[in-house]
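Student: Sequence and predicted structure, then a few things I'm wondering about:
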Amino acid sequence: PGLLPKWLLLVSAIATGNSIQSYLTLAYTRRVYSTSSDPAKPSPLVTSLSSRTFGTWTFLSALIRYYTAYHISDPVLYDLCLWSYIVAFAHFTSEWLIFKSARLNEGLIGPIIVSTLSIAWMVLARAEY
């Protein structure tokens, strides 16, 4: 039924890996929520608790997207999945532009690109599913 379900599976698999990583190390979360251009200066905003919370939130989003990939024609799941990307986009851009707890760097650009592409794709392809 098209490439969108495969995309959702890929993004979910990557998110699952990121979730596990968030429980094991602060490194990835510090790359996303970095206020310094110097990688040797870790962000004081990232704690073990915030990293695990981020990992849990990311895994919950991955689960929604896994289910949607396998049930792409279910309008409720489709909407829930679309909203998960909207919430992610709003979160990451607000941390960057409003709260200033993140900089536009390699850690932040990925989630912004993935959420933007996914929102656009899901809106444009809605009638196909």
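Tutor: Noted; the coordinates are in hand.

Student: from what I can see Trp121 touches Lys6, true?
Tutor: No. Using C-beta atoms under 8 Å, Trp121 is not in contact with Lys6; the gap is 11.5 Å. C-betas here are computed from N, CA, C, even on glycine.

Student: intersection of neighbour lists for the two?
Tutor: Any residue near both Trp121 and Lys6 by C-beta atoms under 8 Å, 6 or more residues apart in numbering counts here, and not one turns up.

Student: and these two? which has more neighbours close in?
Tutor: It is Trp121, of Trp121 and Lys6, that has more neighbours when counted by other C-beta atoms under 10 Å, with 17 against 11.

Student: With adjacent residues omitted, what lies nearest to that one?
Tutor: Leaving aside its sequence neighbours, Trp121 sits nearest to Leu4 (C-beta to C-beta, 6 or more residues apart in numbering; 6.1 Å).

Student: Then Ser50?
Tutor: In space, Ser50 is closest to Thr29, 7.0 Å off (C-beta to C-beta, 6+ apart).

Student: Tally up the residues packed near that neighbour, please.
Tutor: 26.

Student: now swap in the one 5 residues further on and tell me
Tutor: Around Ser34 there are 22 other residues, counting by other C-beta under 10 Å.
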